[in-house]
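Novice: 3D model of this:
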Amino acid sequence: MKILNLNLHFFPDSIGGATVVAEKLAWGLVAAGHDVTNIYLSRAASRQEMTVEDTPFGRSVALNNIYPTGGNRFSSPLGSSMISEVAEMVQPDLIVVHAAQSLGVQDFLRDRKWLSRTKIVAHDFFWSCIQGFRTLPDGSRCTRSIGVANCRQCAWYPGLIDQVYRENWEILNHCREVIFPSEFLRKGYAEIFGREPDNVRVLSNPDSAELILPSDAPLPPAPGQAAHAAGKTVYGFVGGPGETKGWGLVRDFMALAEDPAAKTHVVLFDIGRTIGTPWYPRKSTEAVTIAAPYHWTYAAQALGQIDVMLMPSNVQESFGLAAREILALGGKTLIRRSGALAELEGYANVVVAEPGQDAATLASRLALLPGHDNKTWIPTTVEAYAAQIVGN
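Specialist: Numbers count the residues shown, from 1 in each chain. Model (predicted):
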């Protein structure tokens, strides 16, 4: 089968959770024998309109010199024309759209020939919210009805016309399938639009922690390895230093690790380095390791020494990949009931941070896991996810 796989970013410019899913899908499709072409926006300036190269994830087509702005978030005639050019050459049997902002996907999908072949993986609220996260300027969850008046004071972009919502609804309602990674997103879309397309399915993102590099590939020591060998409990964190990701509670765990008697250690994965802006310019200490970001192809190794993944987000998470990856490895996770993270409650090795509980209390609760009456987490593999995408 010939497949077009569209996402804002793609390998080697791997940024964001949707990119992880897009690359995992491409890997699984290639492994299953499909002809995969991936389209994304390059962040590098170029004299060429497009750059084509072969990757382990199939053919990649970088659209050059298109930079995401508020103005082209939902409409990019230049991006649309380039996608159409590639589509005409490839003649795909299936088109999969992930994070679509600034690509010109809405313009491209006005052609029903392509829309009827398209499956949309809605990783966030992009198709129903101008900034994608339903978050008010003060960080609280947005419960406003969509429309010009309510969206004019959006946290990211000013104003929005109802035409965008109408066009997005038409795309969702007439594409081949809309896939939501979580029940939280499915219900959120139905609440926002007041209705739900008939072509909806909830399918978990591939959340198994992978190690697909060649067996002889050199890898650095896993972050936290020395602390783990010393008998310490190692906590990991992949969010940023902001309260939307629960940074205050993470800081409490870092302070706890400063006490030798606690026998704990914290690993901060500095994802900010992927965009050239480190989040944690400080150096590692006996209590805290500042680690480089990891590509999903060796997540099993990078997370192999993490006992507990901290994900106490205050923002409404649409999936919560890091928490699920650590569960797939048999580790534990600390969450808040934020968006799709609430769907993890009740599984073994999951602790929900209740209001007022400090790091020491939560560490004690985590030490008691797993419980006897909890459900067992079953991860979604790359192979299973790819088969589900092409099989329905």
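Novice: tally of neighbours for Asp162?
Specialist: Counted by other CB atoms under 10 Å, the residues lying close to Asp162 total 11. The C-beta positions use only the backbone N, C-alpha and C, and glycine is treated the same way.
Novice: starting from the helix or strand of the chain with the lowest mean pLDDT, tell me the next helix or strand along the chain.
Specialist: In the chain, no helix or strand scores lower on mean pLDDT, DSSP states H and E than helix 148-151, which sits at a mean of 67. On the C-terminal side of helix 148-151, the closest following helix or strand by DSSP states H and E is helix 162-174.
Novice: check which element follows that following helix along the chain.
Specialist: Following helix 162-174 toward the C-terminus (DSSP H and E): strand 177-180.
Novice: now do that following strand, average pLDDT.
Specialist: The average pLDDT for strand 177-180 rounds to 97.
Novice: how about stretch 195-210?
Specialist: 93.
Novice: first-to-last residue distance for it?
Specialist: End-to-end span of stretch 195-210 (CA to CA, to the nearest Å): 37 Å.
Novice: find the centremost residue of this structure, please.
Specialist: The residue lying closest to the centre of the chain (CA atoms, centre = their mean) is Gly17, at 2.1 Å.
Novice: how close does the residue lying farthest from the centre of the chain sit to Ser284?
Specialist: No residue in the chain sits farther from the centre than Ala261, which is 36.1 Å out by CA atoms, centre = their mean. From Ala261 across to Ser284, the span is 21 Å (CB to CB, to the nearest Å).
Novice: next, the contact list for the residue nearest to the centre of the chain, please.
Specialist: 123, 205, 319, 321 (CB atoms under 8 Å, 6 or more residues apart in numbering).
Novice: ditto for Lys232
Specialist: 263-265.
Novice: now do Asn199
Specialist: 173, 175-178.
Novice: how about 10 Å then?
Specialist: Counting by CB atoms under 10 Å, 6 or more residues apart in numbering, Asn199 touches 119-120, 172-179.
Novice: among these, who's most crowded?
Specialist: Highest neighbour count within those: Ile120, with 27 neighbours (other CB under 10 Å).
Novice: take the contacts of Gly17 and write them to JSON lines, including neighbour count.
Specialist: JSON lines is the format used below for the contacts of Gly17 (neighbours: other CB atoms under 10 Å):
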{"residue": "His123", "neighbour count": "26"}
{"residue": "Asn205", "neighbour count": "23"}
{"residue": "Phe319", "neighbour count": "24"}
{"residue": "Leu321", "neighbour count": "23"}
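Novice: now the helices: where do they sit in the stretch 151-300 of the chain?
Specialist: Using DSSP state H, counting those that start in this stretch, the helices of the stretch 151-300 of the chain run over 162-174, 183-193, 225-229, 247-257, 299-302.
Novice: among those, which is the most enclosed?
Specialist: Comparing these by mean neighbour count (mean count of other CB atoms under 10 Å), helix 299-302 ranks first with a mean of 22.
Novice: quick check: mean pLDDT of the helix or strand hosting Ala18?
Specialist: Assessed by DSSP H and E, Ala18 sits inside helix 17-31. When pLDDT is averaged along helix 17-31, the result is 96.
Novice: quick one: buried residues of it?
Specialist: For helix 17-31, the neighbour count (16 or more other CB atoms under 10 Å) marks 17-30 as buried.
Novice: in a helix, Trp124, correct?
Specialist: Check again: residue 124 is Asp, not Trp. No: counting by DSSP: H, G, I helix; E, B strand; the rest coil, Asp124 falls outside a helix, being coil.
Novice: and Ala45, how many neighbours?
Specialist: 8.
Novice: next, it: secondary structure please.
Specialist: Secondary structure for Ala45, judged by three-state DSSP, is coil.
Novice: pLDDT below threshold where in the stretch 151-300 of the chain?
Specialist: 151-161, 214-215 (pLDDT under 70).
Novice: mind redoing it with 50?
Specialist: 158-159 (pLDDT under 50).
Novice: returning to what we had before: from the middle of its chain, how far away would the helix holding Ala18 be?
Specialist: 12 Å (CA atoms, centre = their mean, to the nearest Å).
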